[in-house]
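Visitor: Pasting the sequence and the predicted coordinates here, then a few questions.
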Amino acid sequence: MRIQDLVRSEVQTLEPYRAEEDRCKVKLDANENSFPFPLELRKKMVALIENLSFNRYPDPSAGELRAVLAGQLSRQGAPVEPEMILVGNGSDELIQILLMVFGGAPGRVLMPTPTFAMYKVLAQILGQKPVEIPLEGDFDLDLERMLDKIYSDRPSLTFLSYPNNPTGNSFSREKILKILEASPGIVVVDEAYFDFSKKTFLPLLPRYENLVILRTLSKIGAAGLRVGILISNREVVRQLHKVRLPFNLNLFSQAAAKLILENREAIDGQVAQLLREREKLYQVLRELPYVEPFPSEANFILVRTKIDAVFLHEELIKRDILVRNLSRPGPLFNCLRMGVGTPEENEMLCNALKDIRCP
């Protein structure tokens, strides 16, 4: 017997998702919030732990967390009720649930490229057929080709990262609206970087029954909690609950996420500082002769290098700085993604880039 012969054909061709594992002092590869968790929140978190019953299963519906989320989301342009919210073990789980419920056998899943890798990976794992449409030269959606595929392939789901990871830009709102109107299936607008762009389709939920919005706490300082948030109409969420695993969000993550949301001031202060640092970093990168930074509405900046990206990536690691090497044939050739860090981390990055001697 060969174990490989027992593996589904869709899985045999896949490679495991690999995060960068280099232990560098400055870690700017994963689009996290580099600032330490605020001290006042840390103290409240310690007190919170003392009152949690770890011997009991968590609330299966995360009712208290969803109630807090509903109250805050309702202030962003449209009324949101707790029954319109599903929380998960990171957005990855919510993407997986969406594909399990709405993905056909085999269904077509439409997405631009380049974009967040897990849309394609999870579609393949679940036996769906990813349909990828290259972005235009300015990294906006190729609307004509997207609509052609919608009419010909009738995708069961369409994924749009807004702002897009790894390019950092927000797609044209008008193009997304046309995709929403033309799509026979679910359209997922992934607003993981909403806190940095302040752009959202949330007010349009009452108008489009096929609209699903994703949010997360991972980009604003709680990546370790793995809290993903899905917002849609009641019927979509009701169907998703059918395949959601019981107790999918653990006790501590539920309580900690609720605490963070109820004490947003400290986190919002860090987000504001990251926005200022993003602009400063972008301006410094523009002045370097061998890199071309792209404007960003997220917490990272995509950079195209005029030298070998592998060489530059390795030189930064030698200087204890880790960024994400995205270089591959196509629009991301010789591209690196650099997270926006603390002022000290950004200064180290800029000094290192100025110090590196091109081959």
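Guide: Alright, I've got the coordinates. Numbers count the residues shown, from 1 in each chain.
Visitor: and Asp59, backbone torsions?
Guide: Dihedral pair for Asp59: phi -60, psi 120, per degrees, to the nearest 10.
Visitor: low-confidence ranges in the stretch 251-359 of the chain?
Guide: Applying pLDDT under 70 to the stretch 251-359 of the chain picks out residues 359.
Visitor: if you set the cut-off to 50 instead, what comes out?
Guide: For the stretch 251-359 of the chain, not a single residue meets the criterion pLDDT under 50.
Visitor: Please, where are all the strands along it?
Guide: With DSSP state E, counting those that start in this stretch as the criterion, the stretch 251-359 of the chain has strands at 291-293, 300-305, 321-322, 324-325, 335-339.
Visitor: just the strands in the stretch 1-150 of the chain please.
Guide: Ranges of strands in the stretch 1-150 of the chain, per DSSP E, counting those that start in this stretch, are 26-27, 85-89, 108-113, 129-134.
Visitor: Tell me which of those lies nearest to Pro60.
Guide: Go through the strands of the stretch 1-150 of the chain one by one with CB to CB and the one that ends up closest to Pro60 is strand 85-89, at 11.1 Å. For every residue, glycine as well, the C-beta is placed using N, CA and C.
Visitor: and for the closest one, what are the contacting residues?
Guide: Outside strand 85-89, the residues within contact range by CB atoms under 8 Å, 6 or more residues apart in numbering are 62, 65-66, 69-70, 73, 94, 97, 226-232, 237, 240-241, 244, 248-250, 253-254, 257.
Visitor: Parallel or antiparallel, list what pairs with that strand.
Guide: Note on strand 85-89: by DSSP bridges, its sheet partners are strand 227-231 (antiparallel).
Visitor: For the residue nearest the centre of the chain, which non-adjacent residue is spatially closest?
Guide: Residue closest to the mean C-alpha point of the chain, counted by CA atoms, centre = their mean, is Ala192 at 4.4 Å. Taking CB to CB, 6 or more residues apart in numbering, and ignoring the residues beside it in sequence, Ala192 has Thr216 as its nearest neighbour in space, at 4.9 Å.
Visitor: Surely that neighbour is in contact with Ser91?
Guide: Yes: Thr216 is in contact with Ser91 according to CB atoms under 8 Å; the separation is 5.1 Å.
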